[in-house]
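Chemist: coords below, sequence missing:
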């Protein structure tokens, strides 16, 4: 780990090895982690990993956190294969790559996550996340930027699996006050199956970021219970604006209950109040579009303006 508590910047973590294996422990705390933290006015250090194969399993984490006014450290990953899979034994902690602006003193800019890989797998409850719980409207959460030949996101159980950038609510009930980060994906093939999701969203007054995907082929398929596979831009609870979804692809397939959705209310939980901010827009450029067996593209609102 690398951290700074004061004015100076944290040091850099630089790994260049054949294989990196980060495995969570038997408890929810004390799991294996590679991390950089900014706890003062100094900036967090860069976490840079170059490897043929990176595996994060069983609740392990690669993470950067902001607890102060400094800019969060950046995660730079260059690998042939990146595999994130599973959760801790209790199921509470996801195997993940994460950037977080914390509620406890976090006012600085969140660190970006940059992943360059041939193959990216996010499986069985694993996540890539950029969250802000900051109590300051200044700055924003970090961005997620992925450049991969193939991206596979899948699971077989009712677990939250996917890529998420959110203005969120932490375990203490603190709602983020600043803007969410963007998700930018460039890939040859993107496949989401069995209720997994890529989401830009806000639960607070800060606006959600944009989801921008460029791919030769995008396949969105299936659902588990009420949870649909898909791409989402959401604005719930508060006044933040929903993010836009921008897709440029040679072929887009949405089948078996999967969806692309921009809205300011929850379609699966009526107890979650609708947001007052406008829903985002959906922009799709594709010569081929397949919608089959309840596949959907929707914008909807219970308050504010509907997106296009």
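Modeler: Yep, it's here. Model, not experiment: these values are computed from the prediction.
Chemist: how about low-confidence regions in this structure?
Modeler: The model of the chain has pLDDT under 70 over residues 1-11, 26-31, 40, 42, 106, 158, 237-238, 264-277, 301-308.
Chemist: center of it - which residue?
Modeler: To find the centre residue of the chain, average its C-alpha atoms and take the closest one (C-alpha atoms, centre = their mean): that gives residue 164, at 2.2 Å.
Chemist: tell me the contacts of it?
Modeler: By C-beta atoms under 8 Å, 6 or more residues apart in numbering, residue 164 lies in contact with 127, 128, 129, 130, 131, 197, 198, 199, 201. From N, CA and C alone the C-beta is placed, and that goes for glycine too.
Chemist: can you add distance to residue 54 and give these back as a markdown table?
Modeler: Formatted as a markdown table, the contacts of residue 164 follow (distance: C-beta to C-beta, whole Å):
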| residue | distance to residue 54 |
| --- | --- |
| 127 | 15 |
| 128 | 12 |
| 129 | 17 |
| 130 | 18 |
| 131 | 21 |
| 197 | 22 |
| 198 | 20 |
| 199 | 23 |
| 201 | 27 |
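Chemist: counting neighbours, which of those residues comes out on top?
Modeler: Using other C-beta atoms under 10 Å as the neighbour criterion, residue 130 leads those with 30 neighbours.
Chemist: that residue contacts residue 140, doesn't it?
Modeler: No: using C-beta atoms under 8 Å, residue 130 makes no contact with residue 140, being 9.5 Å away.
Chemist: residues that sit against both of those two, list them.
Modeler: Counting by C-beta under 8 Å, 6+ apart, the residues touching both residue 130 and residue 140 are 110, 180, 181.
Chemist: which of these fall within strands?
Modeler: Under the assignment DSSP state E, these contribute nothing to strands.
Chemist: residue 227: which of the residues you listed is nearest?
Modeler: Nearest to residue 227 among the shared contacts of residue 130 and residue 140 is residue 180, at 20.9 Å by C-beta to C-beta.
Chemist: return the closest of the contacts of residue 164 with respect to residue 81.
Modeler: Nearest to residue 81 out of the contacts of residue 164 is residue 128 (C-beta to C-beta; 14.9 Å).
Chemist: quick one: contacts of whatever helix or strand the closest one lives in?
Modeler: Assigned by DSSP states H and E, residue 128 falls within strand 127-132. By C-beta under 8 Å, 6+ apart, the surrounding residues in contact with strand 127-132 are 84, 94-101, 106, 110, 113, 115, 122, 140-144, 146, 160-168, 176, 178-181, 183, 206.
Chemist: got it, and stretch 145-158?
Modeler: Outside stretch 145-158, the residues touching it (C-beta under 8 Å, 6+ apart) are 82, 112-125, 128, 161-163, 183-196, 198, 224-225, 227.
Chemist: same question, stretch 283-297
Modeler: Stretch 283-297 is contacted from outside by 220, 228, 244-261, 282, 308, using C-beta under 8 Å, 6+ apart.
Chemist: and it, how far from the chain's centre?
Modeler: Relative to its chain's centre, stretch 283-297 lies at 23 Å (C-alpha atoms, centre = their mean, to the nearest Å).
Chemist: what does stretch 217-235 give?
Modeler: Averaged C-alpha coordinates place stretch 217-235 at 14 Å from its chain's average position (C-alpha atoms, centre = their mean).
Chemist: and for stretch 212-229?
Modeler: 15 Å.
Chemist: neighbours of residue 105, how many?
Modeler: Residue 105, neighbours per other C-beta under 10 Å, totals 17.
Chemist: nope, residue 281 is what I meant
Modeler: 17.
Chemist: and residue 46, by the same measure?
Modeler: Residues near residue 46, counting by other C-beta under 10 Å: 21.
Chemist: likewise residue 192?
Modeler: Residue 192: 27 neighbours (other C-beta under 10 Å).
Chemist: show me what contacts it?
Modeler: Counting by C-beta under 8 Å, 6+ apart, residue 192 makes contact with 153, 154, 162, 198, 219, 220, 221, 229, 230, 231, 258.
Chemist: try 6 Å this time
Modeler: Taking C-beta atoms under 6 Å, 6 or more residues apart in numbering, we find residue 192 in contact with 153, 220, 229.
Chemist: tell me which element the second one is part of?
Modeler: Secondary structure here is read from DSSP H and E; on that basis residue 220 sits in strand 211-221.
Chemist: can you name the element that comes right after the host helix or strand of residue 188?
Modeler: Element membership for residue 188, per DSSP H and E: strand 183-193. Next in sequence after strand 183-193, counting helices and strands by DSSP H and E, comes strand 197-202.
Chemist: now list the buried members of the contacts of strand 127-132.
Modeler: 84, 94-101, 106, 110, 113, 115, 122, 140-144, 146, 160-168, 176, 178-181, 183, 206 (16 or more other C-beta atoms under 10 Å).
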